[in-house]
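In: below: sequence and its predicted model.
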Amino acid sequence: MTGRAPGTYDAVVIGAGPNGLVAANLLADAGWEVLVLEAQPTPGGAVRSDRELHPDFVHDTFSAFYPLALASRTIRSLHLEDHGLAWEHAPAVLGHPFGDDRWAILHRDRHDTAAGLEALQPGDGDTWLELCSTWDRIGPAMVDALISPFPPVRAGARLLPAVARTGGLDTVRMLATPVASLGRELFEGPAAALLLAGNAGHADFPLASPGSGVFGVLMTMLGQTVGFPVPRGGAQSLTDALVSRFTSLGGRLETGTEVTAVDMRDGRVAGVRTRDGEAYAARAVLADVSAAHLFGGLVPDEDLPPRLVRGMRDFELDPGTVKVDWALSGPIPWRNRPDKLPGTVHVADSVEEMTETLAKVSSGVVPDRPFLLTGQMTASDPTRSPAGTESFWAYTHVPQPGMTRHDAGPDGITGRWDHDETERFADRMQARIEAVAPGFGDLVQARRVMGPHELEARNANLIGGAVNGGTSQLHQELVFRPVPAMRGRASTGVPGLFLASASAHPGGGVHGAAGANAARAAIWQERTGRLRPATLLSRLNRGAST
């Protein structure tokens with residue numbers, strides 16, 4: 001950095017998750033000198049993979065499938081394929097076994113999906129194709145609007161006429177309908193309704209609530225149009241490509257370096273301090289950390305706008321998570337195994353059961369029959385384990401630690417989520433798989449169970465196993481995310497400080513939008529003269545080191 005003191009940067013990014021790395025890349029593209037500080041030994045946040053369960057098996061430690069990455073203009077614009085990223089797809093996108101060994105299957109070819117639905121219920125195939133046609137007209141603009149800085153002026157200008165040409169208020173009403181009702185309104189049979197409701201269950205919407213319908217349609221149609229892709233070799237490959245691109249531009253990444261405070265001077269950001277005593281001056285700090293850790297944590301309340309402090313008193317986390325990984329000696333023995341094996345499989349008997357289960361979780365009840373989201377990773381990417389085996393996982397939502405009222409099952413789980421409780425709950429999850437895949441347990445070579453506490457220990461952003469950075473329900477989305485004082489924007493009201501994590505608009509998912517929005521906001525503040533001059537930062541840094 002010409003003319004600058006050692007330890008002085010244009011920007012420090014706290015956290016090397018996907019949002020932090022996207023932000024770092026965009027700032028580096030703009031010519032900024034950027035330092036990324038990551039507390040964990042490896043970068044990636046919730047996009048990491050490992051071999052700790054079995055040396056021959058790659059397991060994605062947290063997230064696994066990335067439709068939003070392919071749909072995101074931001075991530076596509078980074079051309080990560082030039083840095084080693086390659087995508088793989090399972091033979092089918094998504095499957096949901098139900099009833100008397102039937103399967104609802106989402107294929108990447110809409111006509112294949114429609115044919116399968118038609119075979120299960122005459123008429124539903126044509127309805128599916130109509131839904132796809134509606135998405136063709138409104139989907140791209142809707143995705144852009146959802147992941148653009150708020151308000152989404154340009155994307156909204158495209159979306160509104162598209163909606164008007166595609167049914168107008170009827171389309172708006174459809175998207176506003178709770179997913180538990182939407183499937184019944186659109187389709188005669190249960191299969192398509194299961195696809196919509198299961199995809200809505202990826203977030204923490206109660207399936208009978210507004211917002212669940214649009215999210216269910218969004219995720220289902222992304223699966224239909226771009227699939228549920230996985231990075232070849234493991235989720236870490238996506239992170240490695242982001243890191244490779246960033247460092248090729250001269251960016252610096254330090255792992256195993258925990259930031260403990262954001263330094264403030266005269267009401268502005270001045271830099272950060274780390275647990276090992278290092279101080280780094282910066283004109284801007286972009287925090288890929290939970291809002292709950294940033295506001296009142298890394299930045300004390302007295303340095304924050306009062307409206308933001310008041311809003312954070314009502315900030316709500318999403319539910320906790322229990323995730324189980326298995327190394328299997330053979331393919332999963334699903335009943336009536338589909339010819340084209342889906343990478344993702346949802347396990348629940350019906351939409352009604354899913355609705356009841358997710359309502360239990362939101363009311364503090366440990367479900368007796370958890371709704372499972374599972375991933376057959378070797379079926380999706382043959383590099384994940386030896387031929388003839390399967391790298392497999394399942395996760396489900398549970399009440400946050402300390403928020404459990406009672407256990408609807410027989411195990412007396414109290415919500416401590418210690419080792420014993422998570423193992424007993426994992427047995428409950430495995431029994432659900434065994435019911436639709438008899439003999440599953442005989443294939444298990446090794447099992448790893450991570451409850452809310454283990455997930456948070458591996459990624460501090462996953463507070464109590466909350467994987468979305470805060471609830472996705474409507475009262476904490478769009479202009480309300482993370483709190484109304486921020487109006488859905490990355491700027492915090494503190495000059496030079498930006499929220500770049502899933503706690504910011506537009507929320508969870510590997511789309512990079514929160515990081516991109518924060519980077520653009522920082523660049524805008526620089527252009528309007530709201531960031532400290534670099535010469536002043538150099539003087540401050542020299543003074544701090546004497």
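Out: All right, it came through fine.

In: for the protein, name the helix or strand with the lowest mean pLDDT.
Out: helix 534-544 (a mean of 40; mean pLDDT, DSSP states H and E).

In: gap between residue 349 and residue 433?
Out: 13 Å (C-beta to C-beta, to the nearest Å). Just so you know, the C-beta spots here come from the backbone N, C-alpha and C atoms, and that holds for glycine as well.

In: one more: residue 184?
Out: 27 Å.

In: settle it for me: which of residue 349 and residue 433 has more neighbours?
Out: residue 433 (21 against 17; other C-beta atoms under 10 Å).

In: contacting residues for the more buried one?
Out: Contact partners of residue 433, counting by C-beta atoms under 8 Å, 6 or more residues apart in numbering, are 332, 347, 372, 374, 394, 440.

In: sec struct for residue 326, please.
Out: strand (DSSP: H, G, I helix; E, B strand; the rest coil).

In: can you tell me the closest non-neighbouring residue to it?
Out: Excluding the flanking residues, the one nearest residue 326 by C-beta to C-beta, 6 or more residues apart in numbering is residue 392, at 4.7 Å.

In: the one you found in helix, strand or coil?
Out: Residue 392 - assigned by three-state DSSP - is strand.

In: surely it meets residue 330?
Out: No. Counting by C-beta atoms under 8 Å, residue 392 stays clear of residue 330, with 10.8 Å between them.

In: the two: which has the busier surroundings?
Out: Neighbours per residue (other C-beta under 10 Å) separate residue 392 from residue 330, with residue 392 holding more: 28 against 13.

In: the more buried one bridge partners, please.
Out: residue 326, residue 376 (DSSP bridges).

In: for it, which residues are in contact?
Out: 325, 326, 328, 332, 374, 375, 376, 377, 378.

In: equivalent analysis for residue 125, please.
Out: Residue 125 neighbours (C-beta under 8 Å, 6+ apart): 114, 115, 116, 117, 118, 119.

In: swap in residue 185?
Out: So, once contact is read as C-beta under 8 Å, 6+ apart, residue 185 ends up touching 174, 177.

In: tell me the pLDDT of residue 220.
Out: Looking at residue 220, its pLDDT stands at 98.

In: what number of residues are in the vicinity of the nearest residue to residue 405 once chain neighbours are set aside?
Out: Closest residue in space to residue 405, ignoring its immediate chain neighbours: residue 364 at 4.0 Å, by C-beta to C-beta, 6+ apart. Using other C-beta under 10 Å, the number of residues around residue 364 comes to 16.

In: look at residue 364 and report its pLDDT.
Out: 97.

In: so it sits against residue 404, correct?
Out: Yes. Applying C-beta under 8 Å, one finds residue 364 in contact with residue 404, separated by 5.6 Å.

In: who touches both of these two?
Out: Contacts common to residue 364 and residue 404, judged by C-beta under 8 Å, 6+ apart, are residue 415.

In: before we move on, the earlier item: just the contacts of residue 125 now: which is nearest residue 58?
Out: Nearest to residue 58 out of these is residue 116 (C-beta to C-beta; 30.3 Å).

In: where's that closest one relative to residue 487, distance?
Out: Counting by C-beta to C-beta, the gap from residue 116 to residue 487 is 44 Å.

In: looking at the two, which has the bigger crowd around it?
Out: Using other C-beta under 10 Å as the criterion, residue 116 and residue 487 rank with residue 116 on top: 23 against 15.

In: what's the distance between that one and residue 94?
Out: Taking C-beta to C-beta, one finds residue 116 at 12 Å from residue 94.

In: show me what the helix or strand residue 515 falls within is packed up against.
Out: Taking DSSP states H and E as the criterion, residue 515 maps to helix 513-527. Judged by 3 or more C-beta pairs under 8 Å, 6 or more residues apart in numbering; DSSP states H and E, helix 513-527 is in contact with helix 18-29, strand 279-287, strand 497-499.

In: dump the ones you listed to JSON lines, plus mean neighbour count, distance to residue 73 and mean pLDDT.
Out: Shown next, in JSON lines, are those (neighbours: other C-beta atoms under 10 Å; distance: least, C-beta to C-beta, whole Å; pLDDT from 0 to 100):
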{"stretch": "helix 18-29", "mean neighbour count": "29", "distance to residue 73": "12", "mean pLDDT": "98"}
{"stretch": "strand 279-287", "mean neighbour count": "28", "distance to residue 73": "20", "mean pLDDT": "97"}
{"stretch": "strand 497-499", "mean neighbour count": "28", "distance to residue 73": "20", "mean pLDDT": "98"}
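
In: dump those to CSV, plus distance to residue 491.
Out: What follows is these, written out as CSV (distance: least, C-beta to C-beta, whole Å):
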stretch, distance to residue 491
helix 18-29, 13
strand 279-287, 11
strand 497-499, 6
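
In: strands of the stretch 101-250 of the chain, residue ranges please.
Out: Per DSSP state E, counting those that start in this stretch, the stretch 101-250 of the chain carries strands over the ranges 102-106, 230-231.

In: tell me the most buried of the ones you listed?
Out: The highest mean neighbour count among those, using mean count of other C-beta atoms under 10 Å, belongs to strand 230-231: a mean of 26.

In: quick check: neighbours shared by residue 116 and residue 94?
Out: residue 105.

In: starting at the chain centroid, how far to the helix or strand residue 292 falls within?
Out: Per DSSP H and E: residue 292 is located in helix 291-294. On the basis of C-alpha atoms, centre = their mean, to the nearest Å, helix 291-294 sits 17 Å off its chain's mean C-alpha point.

In: tell me the mean pLDDT over it?
Out: Mean predicted confidence for helix 291-294 is 98.
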